[in-house]
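In: Just to be clear, the model below is a prediction. Sequence and coordinates:
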Amino acid sequence: MEKIVITIARQYGSGGKTIGQMVADELGIPFYNRDILRMASDDSGINENLFIEADEKLKGTTLFRISKSVYEGELIPPESEDFVSNRNLFNYQAKVIKKLAETESCVIVGRCADFILRNYPNMMSVFVHADSQFCLARAMERNSMTIREMEKFINKTDKYRGEYYRHYTGQDWWDARHYDLCIDSGKLGFEKCKKEILSYRKNRFDL
């Protein structure tokens, strides 16, 4: 199997994005995070700012928290009044993610990529987590908030990620059964997390 995609979901402060970049660098393959928004904008012709704004708007929407719009793979045509709806913006991100999985090996962080690619035999999914003190300490290194402010920010961010995942997948973001590999970065450290992901990749795909 030549093209292998590694998807990474992560708690805020766990270092999942950094670990994903380390894995991509080690393998010499592309790393995608928010680049997906730009690529979806290029593909759809929809302004990139609408993709960015959609994420921000969803954070404060009560309906988003209690409703579901499970992704089924369809795209809404330009002539529809729902063409720039949140649902279709997600659909175009999913289209980009599928295209990447079909054309190259890469690492993709977030964006429900594990669910979108769940039926792709060349995908392996990883969830990176850590205890609250580790996530807090690491987040404080990169931000100027007080400890109390940062604790609230972390909880809010992880809650949103869970709600976002549930809204578009109908599944629980925290459920380990949805992932091939769950790693505690606080116990292993980033370098060993990278090695564990590479080891699983090698064993899973007989490389």
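Out: Yep, it's here.
In: contacts and neighbour counts: CA atoms only from here.
Out: OK.
In: Tell me which stretches of this protein form helices.
Out: Listed in chain order, the helices of the chain (DSSP state H) span residues 16-27, 35-44, 48-59, 62-66, 86-103, 113-116, 132-142, 147-169, 185-188, 190-204.
In: how about the last one: buried residues?
Out: Right, helix 190-204. Residues of helix 190-204 classed as buried: 190, 193-195, 197-198, 201 (neighbour count, 16 or more other C-alpha atoms under 10 Å).
In: Using a markdown table, please lay out the helices of the chain together with distance to Glu74 and mean pLDDT.
Out: Shown next, in a markdown table, are the helices of the chain (distance: least, C-alpha to C-alpha, whole Å; pLDDT from 0 to 100):
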| stretch | distance to Glu74 | mean pLDDT |
| --- | --- | --- |
| helix 16-27 | 29 | 98 |
| helix 35-44 | 13 | 94 |
| helix 48-59 | 18 | 75 |
| helix 62-66 | 20 | 55 |
| helix 86-103 | 7 | 94 |
| helix 113-116 | 12 | 97 |
| helix 132-142 | 37 | 93 |
| helix 147-169 | 13 | 92 |
| helix 185-188 | 36 | 97 |
| helix 190-204 | 30 | 97 |
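In: what's the most buried one of these?
Out: With neighbours taken as mean count of other C-alpha atoms under 10 Å, the helices of the chain reach their highest mean count in helix 113-116, at a mean of 22.
In: And it, what does it pack against?
Out: strand 5-10, helix 86-103, strand 123-129 (3 or more C-alpha pairs under 8 Å, 6 or more residues apart in numbering; DSSP states H and E).
In: Just put those in JSON lines and tack on distance to Ala137.
Out: Shown next, in JSON lines, are the helices and strands packed on helix 113-116 (distance: least, C-alpha to C-alpha, whole Å):
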{"stretch": "strand 5-10", "distance to Ala137": "16"}
{"stretch": "helix 86-103", "distance to Ala137": "32"}
{"stretch": "strand 123-129", "distance to Ala137": "14"}
